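*Asks:* Just the structure for this:
(one chain, ligands or ions: 4)
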Amino acid sequence: LELAADLQRALLENQFAIEYQPVVDLATSRVTAVEALVRWWKDGASVPPEQFLGPAEDTGLIVPLSEWILREACREVAAWRASSWEIGLSLNLSARQITAPRFVETVESALTESGLPPSALTLEVIEEMLVEDAEEVVTRLSELRGLGIRLAIDDFGTGYASLAFLRQLPVDMIKIDPSFVSGLGRDETLSLLTRTIVRLGRDLGLIVVAEGIERPEQLEALREMGCTRGQGYLVARPMGPRGVDSLMPAGL
Ligand code: G
Ligand code: G
Ligand code: MN
Ligand code: NA
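*Replies:* Ligands and ions are numbered 1, 2, ... in the order given. Model prediction:
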């Protein structure tokens, strides 16, 4: 309860910030997109999202918080694109946000107001969101995809029904969970599973992003498997907007 009050005040007092983690083309190292990751600066320290996203979801505060993240991130990425830098934006969705009233209209208005084209926005969802209110979640997400927005399955491979999810929802991208990527070069089973996921994604015509790349041997293995995109501390850590500014290719 105290946390709920703190969160409410944090929203009013602009204590939230967005960090962006680059997603790169593994062949060229070109930044293809940035994933927005919310940060809460409370009394000078950063509170981990794991500590406040659950309570924000339970209290419903996730809805106004997510709308702020959506509008702010669309605005910042649209500004980078205004310099002819063709990067996309990935946003993590919460289940409560998707089923909130006027969710689709809110996303549409964030795009219109920022000038970000729908095709530059990818919405990341996890399988757990299809457990409750599955029909409504699939309907809302399908409406957004109909507007040209892309959909990604985050933490792919860790849910109990990864393959069923691919059948239920029209997606454009899968993001391989770090628990698979961590084993590359060290664990034969995890390497084989990663290779199989990459192959599955490619056969389905999906963009495959490997997450949690921390060691050069993982990068090498992913390239060899034909995985074209990646994200992780080895490539780039989450960073503030000024950090992203500094990644803009020279000449733009
Ligand atoms: O940034 P970090 O790795 O600490 O994120 C921890 C968790 O918080 C991840 O599961 C990530 O998906 C989630 N997360 C980060 N930012 C957002 C956000 O803006 N909205 C939602 N719903 N989840 C987020
Ligand atoms: O669940 P999701 O994939 O949205 O989570 C993203 C989270 O993963 C962010 O909090 C980000 O800080 C974290 N992250 C990004 N790259 C790495 C990495 O290479 N290693 C680890 N351990 N965490 C990472
Ligand atoms: Mn994510
Ligand atoms: Na993930």
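
*Asks:* Please count neighbours and contacts with C-alpha atoms only from this point.
*Replies:* OK.

*Asks:* Need the nearest residue in space to the residue of the stretch 101-250 of the chain found nearest ligand 4, chain neighbours excluded.
*Replies:* Among the residues of the stretch 101-250 of the chain, Asp155 lies closest to ligand 4, at 3.8 Å counting by Cα to the ion. The shortest distance from Asp155 to any non-neighbouring residue, by Cα to Cα, 6 or more residues apart in numbering, is to Asp177 (4.2 Å).

*Asks:* quick one, what contacts that neighbour?
*Replies:* Counting by Cα atoms under 8 Å, 6 or more residues apart in numbering, Asp177 makes contact with 154-158, 210-212.

*Asks:* which stretches of the stretch 1-150 of the chain form strands?
*Replies:* 16-25, 31-42, 45-47, 88-92, 121-125, 150-156 (DSSP state E, counting those that start in this stretch).

*Asks:* Let me have those strands in JSON lines, extended by mean neighbour count.
*Replies:* Listed next are the strands of the stretch 1-150 of the chain as JSON lines, based on neighbours: other Cα atoms under 10 Å:
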{"stretch": "strand 16-25", "mean neighbour count": "22"}
{"stretch": "strand 31-42", "mean neighbour count": "20"}
{"stretch": "strand 45-47", "mean neighbour count": "12"}
{"stretch": "strand 88-92", "mean neighbour count": "24"}
{"stretch": "strand 121-125", "mean neighbour count": "23"}
{"stretch": "strand 150-156", "mean neighbour count": "24"}
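
*Asks:* Can you tell me the number of residues neighbouring the closest residue in space to Asp245 that isn't next to it in sequence?
*Replies:* With sequence-adjacent residues excluded and distances taken as Cα to Cα, 6+ apart, Asp245 is closest to Trp80, at 7.6 Å. The tally of other residues near Trp80 (other Cα atoms under 10 Å) stands at 18.

*Asks:* Tell me how far Trp80 lies from ligand 4.
*Replies:* 24 Å (Cα to the ion, to the nearest Å).

*Asks:* how about the strands of the stretch 1-150 of the chain, which one is nearest Pro238?
*Replies:* Evaluated with Cα to Cα, the strands of the stretch 1-150 of the chain place strand 16-25 nearest to Pro238, the distance being 3.9 Å.
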